[in-house]
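Colleague: using only what follows, build the 3D model:
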Amino acid sequence: MERAWSAVLGVFRVGFLRSLLLASVAVAVAVPLADRFLVYPKFSEFAVRDTEDEAIRVGRHVSSALPMGAGGLGEESITPDFVGEARLIQQTIGLMKPKVFAPSGKVLFSTSDRDIGEVNRHPYFLDRVAKGDVHTKVVRRSGKSLEGQIVDVDVVETYIPVMVDGRFGGALEIYYDVTARLERLDGLLFYSSLALALMTGVFLVVIVWTLGRAAAEVSERGRVEKVLRGNEERYRSLVDLSPDAIFVQTNNGITLTNPAMVDLLGVEEPRAVLSMDFSDFAVPEDRHYVAAVIEAAIRGREAYTEFREARLRRKDGSILDVEFAAFAADDGDQSVAQVIVHDLTARKEAERYHRMASIVFEASAEAMMATDAGNRIEMVNPAFTEITGYSADEVIGKDPGLLASGRHSEDFYKEMYLSLQRDGFWRGNIWNRRKNGEPFVQRLTISAIKDGNGEISKFVSVFSDITEEKLEEEKVRNRANMDALTGLPNRYLLKTRLSYAVKDQRTRPSNLAVLFLDLDGFKPVNDSYGHKAGDDVLQQVSDRLTACVRENDTVARLGGDEFVIVLRYIDDRNHVEMVTRKVMQSFADPFEIEGGAVVIGCSIGISRYPDDGTDAEELLEHADQAMYQAKHEGKGGYRFFSGGVATQA
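Modeller: Numbering: from 1, shown residues only. All right, here's what the predicted structure looks like:
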């Protein structure tokens, strides 16, 4: 049943099959209906007419036996001979209740005695029979006769007028039993209708089955065509959207191409390449072998060729590198080559870039190191080995922390990592340690490399060894700020430190003192033993002075034989005097020089902040004045500055 419905539904999906099926159904329905409503009534009418004709013949035969008066049928017409004749005819041919009517409609004779004497005043009798027309009605079983009586058989009720000289002289009514005849007719019509219906049903089934098969074939063909169209559309879409150039070429040239091919060759539209040969676009030295590859695919000698490189000349004259592969295919009645072309320009550029990057990586004087997101070393260059002493095999897979010098705090490295996460890079100087344990300074740049999801996937570090540079900077800085002979701060650095100390005193009030020293008896050493001996003495003086003070105090050489001591965070004047005496005591021992020993002394002038000055210049000036006063008074002593006059301790 499901397949039958599927077949019917399939027929209805196809226009002309649907029309044919509906026409077949209409015929199948119309034939039985025509049989029932056209053929059957016609046969019935024919049977009734035949029965009516027979009834008329019988009636006329019966009426001929009736004596006829001048006024038509009357009581005198019903003779014993007529009655006998009527009953004989009734029994012989199966008449039912024949009646004889006078012109007035009165029943003169009937095989049913109760009907005799009744008058027929029905319109059919008065309007038709009385006017000379035969009136017939077929009354089926359980139906009503013209006189309103219920009959229990099929009858043909016929009224036959008896005419006398053209006038109505009465009538004869005959009930003719046609039950058997109509039953035979009904049976014949039933079986003929049944046979016709069966034939129509078989016809309809055959039609539906045939149309269903046709619909299935049409549907399948339509489905296949739809699939093919869909595949063709998808294939065309893929070809059009492909970033690679794709074209079809026959012996007559290119017949189909996609937009990428147009862009590749730099032409305005696809028509510019149609009918041309792909080899026409190749540079002269590649043209022959390109044509041979395409021809081999067209002729089917090679179903598929591997990608091969070639160079093409674009419309603007520029040369580009490509690789292409050809596929043998059939297009109806001819063989074609389907060709895919990759633009190698980007790849060639990338290869050149990577070769150059590799050369730079290997030849760079700066060390390079790449680590993964977990900070494990993946690769290093030769400069890394040269600077650190570690080979690639020794560090790959390890943490860069193996280079740590220990000079930087944990917070330093945390700040470095935060900078990489926040800014994507970190740049600065850092102390690390070589494989041999030697510390070195490197100028380091670390860059964070992110993947397509924005997550850090690698870190790339580039650094150079700037240890020598830093040492040279230190030397320059020392030459600018330190005394070359003694290594003590010079006048410039002294003033810088003293100015800072004064500012610091303003924020953290405490006592500050400046001791200005001038050596006594130093000039004779230079004159007698030479400048070399003098330099040795000055160096020993600087060592003894440094030993007399604390780490946060400053000992400086202004030049010649003048020294300055800055004492910070002192308690009171007594504290200053204690340090001063300690300094003078340090001169008690002789100074060793080449070839002997010498004894020298010193004179000291003292100024204090804020009593004797509020800035560096003022404090130095007043300490200098106090020193000269001490020297003037006999050397070998010290004086405090007080209100413009140096006072003796």
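Colleague: rest of the way, CA atoms for contacts and neighbours
Modeller: Fine.
Colleague: got the end-to-end distance for stretch 591-600?
Modeller: 8 Å (CA to CA, to the nearest Å).
Colleague: equivalent analysis for stretch 119-132, please.
Modeller: 18 Å.
Colleague: for that stretch, which outside residues touch it?
Modeller: 103-107, 134-135, 147, 159-163, 168, 170-171 (CA atoms under 8 Å, 6 or more residues apart in numbering).
Colleague: swap the cut-off to 7 Å and go again
Modeller: Under the criterion CA atoms under 7 Å, 6 or more residues apart in numbering, residues 105-107, 135, 159, 161, 163, 168 lie in contact with stretch 119-132.
Colleague: do the same with stretch 444-457
Modeller: Against stretch 444-457 from outside (CA under 7 Å, 6+ apart): 372-373, 420, 424-430, 458-464.
Colleague: could you pull out the strands for the stretch 101-250 of the chain?
Modeller: Counting by DSSP state E, counting those that start in this stretch, the stretch 101-250 of the chain has strands at residues 107-110, 135-139, 155-164, 167-177, 245-250.
Colleague: can you check the stretch 401-550 of the chain too?
Modeller: With DSSP E, counting those that start in this stretch as the criterion, the stretch 401-550 of the chain has strands at 425-433, 439-450, 456-465, 511-520.
Colleague: phi, psi for D572 please.
Modeller: Backbone torsions for D572, taken as degrees, to the nearest 10, come to phi -160, psi -170.
Colleague: same deal with V283?
Modeller: According to degrees, to the nearest 10, V283 has phi -70, psi 160.
Colleague: surely it meets R314?
Modeller: No - counting by CA atoms under 7 Å, V283 stays clear of R314, with 9.8 Å between them.
Colleague: may I see the buried residues of stretch 173-181?
Modeller: Under the neighbour-count criterion of 16 or more other CA atoms under 10 Å, stretch 173-181 has 173-179 buried.
Colleague: residues contacting it, please?
Modeller: Contact partners of stretch 173-181, identified using CA under 7 Å, 6+ apart, comprise 55, 94-100, 153-160.
Colleague: among the residues you listed, name the buried ones.
Modeller: 55, 95-100, 153-160.
Colleague: what's the closest of those to E617?
Modeller: D154 (159.2 Å; CA to CA).
Colleague: pLDDT score for the closest one?
Modeller: D154 is assigned a pLDDT of 79 by the prediction.
Colleague: quick one: it from L172, how far?
Modeller: 19 Å.
Colleague: swap in G166?
Modeller: Applying CA to CA to G166 and L172 gives a distance of 16 Å.
Colleague: likewise G613?
Modeller: 175 Å.
Colleague: the two - which one has more neighbours?
Modeller: Neighbour count, other CA atoms under 10 Å: between G613 and L172, L172 has more, with 26 against 18.
Colleague: give the closest residue to that one in space, chain neighbours not counted.
Modeller: V100 (4.6 Å; CA to CA, 6 or more residues apart in numbering).
Colleague: now swap in L619 and tell me
Modeller: Nearest one to L619, counting by CA to CA, 6+ apart, is G613 at 5.0 Å.
Colleague: can you verify the one you found is assigned to a helix?
Modeller: No - membership of G613 in a helix is not supported by DSSP: H, G, I helix; E, B strand; the rest coil, which gives coil.
Colleague: and it, how far is that from S499?
Modeller: Distance from G613 to S499, by CA to CA: 12 Å.
Colleague: contact partners for I254?
Modeller: I254 sits next to 247-248, 273-277 when contact means CA under 7 Å, 6+ apart.
Colleague: redo that, cut-off 8 Å
Modeller: Contacts of I254 (CA under 8 Å, 6+ apart): 247-248, 273-278.
Colleague: next: S391.
Modeller: Here S391 is in contact with 384-385 (CA under 8 Å, 6+ apart).
Colleague: hmm, 10 Å instead?
Modeller: 380-385, 435 (CA atoms under 10 Å, 6 or more residues apart in numbering).
Colleague: buried subset of those?
Modeller: Buried among these (16+ other CA under 10 Å): 380-385.
Colleague: mind listing which of the residues you listed are in helices?
Modeller: Counting by DSSP state H, those place 382-385 in helices.
Colleague: follow-up on the earlier one: need the strands of the stretch 401-550 of the chain in CSV with mean pLDDT, can you?
Modeller: Conversion of the strands of the stretch 401-550 of the chain to CSV gives the following (pLDDT from 0 to 100):
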stretch, mean pLDDT
strand 425-433, 92
strand 439-450, 92
strand 456-465, 92
strand 511-520, 94
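Colleague: pick the most buried one from those strands.
Modeller: strand 511-520 (a mean of 24; mean count of other CA atoms under 10 Å).
Colleague: low-confidence regions, the stretch 501-649 of the chain specifically.
Modeller: 509, 643-649 (pLDDT under 70).
Colleague: now the helices for it?
Modeller: 522-529, 531-548, 573-585, 616-632 (DSSP state H, counting those that start in this stretch).
Colleague: pick the most deeply packed of those helices.
Modeller: The most buried one of the helices of the stretch 501-649 of the chain (mean count of other CA under 10 Å) is helix 616-632, showing a mean of 22.
Colleague: got the CA coordinates for that one in PDB?
Modeller: C-alpha atoms of helix 616-632 as PDB (Å, rounded to 0.1, in the frame of the first residue of the first chain):
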ATOM      1  CA  ALA A 616      78.200  73.100  50.000                       C
ATOM      2  CA  GLU A 617      80.200  76.100  48.700                       C
ATOM      3  CA  GLU A 618      79.800  78.000  52.000                       C
ATOM      4  CA  LEU A 619      80.800  75.000  54.100                       C
ATOM      5  CA  LEU A 620      83.900  74.400  52.100                       C
ATOM      6  CA  GLU A 621      84.900  78.000  52.000                       C
ATOM      7  CA  HIS A 622      84.500  78.300  55.800                       C
ATOM      8  CA  ALA A 623      86.400  75.100  56.500                       C
ATOM      9  CA  ASP A 624      89.200  76.300  54.200                       C
ATOM     10  CA  GLN A 625      89.400  79.600  56.100                       C
ATOM     11  CA  ALA A 626      89.600  77.700  59.400                       C
ATOM     12  CA  MET A 627      92.400  75.500  57.900                       C
ATOM     13  CA  TYR A 628      94.500  78.500  56.900                       C
ATOM     14  CA  GLN A 629      94.000  79.900  60.400                       C
ATOM     15  CA  ALA A 630      95.200  76.600  61.900                       C
ATOM     16  CA  LYS A 631      98.300  76.700  59.600                       C
ATOM     17  CA  HIS A 632      98.900  80.300  60.400                       C
END
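Colleague: would you pull up how far that helix lies from the middle of the chain?
Modeller: Mean C-alpha position of helix 616-632 versus that of the full chain (CA atoms, centre = their mean, to the nearest Å) differs by 85 Å.
Colleague: surely L108 and A102 touch.
Modeller: Yes - with contact defined as CA atoms under 10 Å, L108 counts as touching A102 (6.4 Å).
Colleague: shared neighbours, these two?
Modeller: Joint contacts of L108 and A102 (CA under 10 Å, 6+ apart) are 73-75, 77, 117, 119, 170-172.
Colleague: for the residues you listed, pick the one with the most neighbours.
Modeller: A171 (30 neighbours).
Colleague: for that residue, which non-adjacent residue is closest in space?
Modeller: Nearest to A171 is P161, by CA to CA, 6+ apart, at 4.3 Å.
Colleague: how deep is that neighbour tucked in, by neighbour count?
Modeller: Around P161 sit 29 other residues, with neighbours defined as other CA under 10 Å.
Colleague: my read: it touches G105, true?
Modeller: No - judged on CA under 10 Å, P161 makes no contact with G105 at a distance of 11.0 Å.
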